[in-house]
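> generate a structure from the sequence data that follows.
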Amino acid sequence: MRTGQTHLFIPGPTNVPESVRQAMNVPMQDMRAPDFGDLTLGLFEDLKSVLRTKTGRVMMYPGSGTGAWEAAITNTLNPGDKVLMSRFGQFSTLWVEMAERLGLDVEVIDVPWGAGVPVKEYARRLGADSKDEIKAVFVTHNETATGVTSDVAAVRRVMDECFHDALLFVDGVSSVASIDFRMDEWGVDLAVTGSQKGLMLPAGLGILGVSEKALEASRHATSRRAYFEFDDMLKLNADGYFPYTPPTQLFHGLRASLDRIKNEGLDNVIARHHRLAEGVRLGIAAWGMDLVAEHHTLHSDTVSAVRVPDHVDARDVLRIAYEDYNASFGSGLARLAGKVFRIGHLGDMNEGMCLTALSLAEMSLMRAGAQIQLGSGVGAAQSWFAHQDEMQTPLQVAAE
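Residues are numbered from 1 along each chain as shown. Now for the predicted structure:
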């Protein structure tokens, strides 16, 4: 029989704060009532702030980030359109597969799992596209399977340097509200995220930021869509309504989540994620283990993918942690199965939770056969967190 708290250290769904969970515990209400917009209209505006867009529109689809992927593609592109994509992890791979299944002509660049978006190769191919045959460029901002964050701003720079007019699609499912994301500044046309990561909600909302350029493309796109039709959403969203039954309880939770982000300050949220991630990474380094990410500039502040020693099966680490220590870590996906486990450190997280994750991972690794000094990772992270606290003066702490 399990006692105490079950620990969730996967990169999504993430922990739901108690205030958010309680906010969702409301009776059902009339989604056609005249005051329903009092709940929803503010959500659209505050999501724009999280995406850092003033000119874009935000849509919320009952579903997940995958649904928002499909909405983005089918509303703005035509069957047979050429698009430029890259594969360097499980989720970027799935995005390629979706694009192919939806009838796009995908020009795909394969790079090692652990690398990021190949900016220089994007630049070469866009520069060679003298006839503007490439209609869209896709970027997975944070590859959740490998713990790699790519440089979206750099992709926008090479597109501008090539004077290329393609749409810029960005998968921000595990980055938005956790890692710096700037839709307007980076010229992102379609920004995809979901409710179950940095927004600290259960899964159930696919969220999509859409630029004016993408909206114009949607007026002429010929891909078949019905449920995901932008025009249907925009007409009713203007007054806070939806063309089908919306997940009202999730909206109440989203209101509480966005209030938490606003109260902490989005810049502070992003800084907290970086501080916590650095502590986790120092702990992993103290074990003598490597991350999947090839270079420190690619390190994700939301998830760390840890390579276990060759003689250790990461699936044993996951099983021991779950069965004996009431803890869930992320598994290695696809080609990384058995070789990697992942520590999610995003959303409603703090130093104590990260230290608990490292502590339970250490015990699970040792029992799975890893030669590891118990307390080494925890101690390294403690030193980092304590040093960070010392750097904050009482005046700074009071101001925050």
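
> what secondary structure does D239 sit in?
coil (DSSP: H, G, I helix; E, B strand; the rest coil).

> what's the distance between it and L41?
8 Å (Cβ to Cβ, to the nearest Å). Glycine gets a C-beta too; all of them are placed from N, C-alpha and C.

> so between these two, which is more surrounded?
L41 (15 against 11; other Cβ atoms under 10 Å).

> what pLDDT does that one get?
L41 is assigned 98 on the pLDDT scale.

> could you pull up phi and psi at it?
Note on L41: backbone dihedrals following degrees, to the nearest 10 are phi -60, psi -40.

> OK, contacts around it?
Residues counted as contacts of L41 (Cβ atoms under 8 Å, 6 or more residues apart in numbering) are D239, G240.

> could you rerun that using 10 Å?
Each residue near L41 by Cβ atoms under 10 Å, 6 or more residues apart in numbering is listed here: N237, A238, D239, G240, Y241.

> for PyMOL, what selects the buried ones among these?
Selection command for PyMOL covering only the buried members of the contacts of L41, criterion 16 or more other Cβ atoms under 10 Å:
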select buried, resi 237+240+241
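
> which one of the contacts of L41 is nearest G344?
Among the contacts of L41, N237 lies closest to G344 (Cβ to Cβ), at 31.3 Å.

> show me what contacts the closest one?
Residues near N237 by Cβ under 10 Å, 6+ apart: G37, T40, L41, F44, R57, V58, M59, M60, F230, P243.

> my guess is G37 contacts E45, does it?
No. If you go by Cβ atoms under 10 Å, G37 and E45 don't touch, sitting 11.7 Å apart.

> and those two? Which one has more around it.
It is G37, of G37 and E45, that has more neighbours when counted by other Cβ under 10 Å, with 15 against 10.

> spatially nearest residue to that one (excluding sequence neighbours)?
G240 (2.5 Å; Cβ to Cβ, 6 or more residues apart in numbering).

> with C162 instead?
Nearest to C162 is L126, by Cβ to Cβ, 6+ apart, at 4.4 Å.

> the one you found is in what secondary structure piece?
helix 119-128 (DSSP states H and E).

> next, the buried residues of that helix.
For helix 119-128, by 16+ other Cβ under 10 Å, it's V119, Y122, A123, R125, L126.

> and which of those is nearest to M353?
V119 (33.9 Å).

> check contacts around that closest one.
S86, V139, S150, D151, V152, A153, A154, V155, R157, V158.

> so which of these belong to strands?
Judged by DSSP state E, strands contain the following of the contacts of V119: S86, V139.

> among the contacts of V119, which are in helices?
V152, A153, A154, V155, R157, V158 (DSSP state H).

> got a quick PyMOL command for the buried subset of the residues you listed?
Here is the PyMOL command that selects the buried residues among the ones in helices among the contacts of V119 (16+ other Cβ under 10 Å):
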select buried, resi 152+154+155+158
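
> now the ones in helices among the contacts of V119 as TSV including distance to G194?
TSV is the format used below for those (distance: Cβ to Cβ, whole Å):
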residue	distance to G194
V152	18
A153	22
A154	24
V155	22
R157	27
V158	28
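
> nearest to A381 among the ones in helices among the contacts of V119?
V152 (28.7 Å).

> that closest one and V176 touch, don't they?
No. Taking contacts as Cβ under 10 Å, V152 lies outside contact range of V176: 11.4 Å.

> shared neighbours of those two, anything?
H141, N142, V170, M183, A191.

> and the two most separated of these?
That would be N142 and M183, which, of those, are the farthest apart (Cβ to Cβ) at 14.9 Å.

> what about the two, which has more around it?
N142 (31 against 27).

> would you mind measuring from the spatially most central residue of the chain to R182?
Centroid-nearest residue in the chain: S174, 1.0 Å away (criterion: Cα atoms, centre = their mean). For S174, the distance to R182 (Cβ to Cβ) stands at 17 Å.

> next: D348.
With Cβ to Cβ as the criterion, D348 and R182 are 23 Å apart.

> what comes into contact with stretch 257-272?
16-17, 19-20, 23, 42-43, 45-47, 49-50, 52, 175, 177-181, 195, 198-201, 250, 301, 346-351, 400.

> buried only: go through the residues you listed for me.
16-17, 20, 23, 42-43, 46-47, 50, 52, 175, 177-181, 195, 198-201, 250, 301, 346-349, 351.

> quick one: the helices in the chain?
18-23, 37-51, 65-76, 90-101, 119-128, 152-161, 212-218, 230-237, 248-264, 266-286, 314-325, 351-367, 376-391, 394-399.
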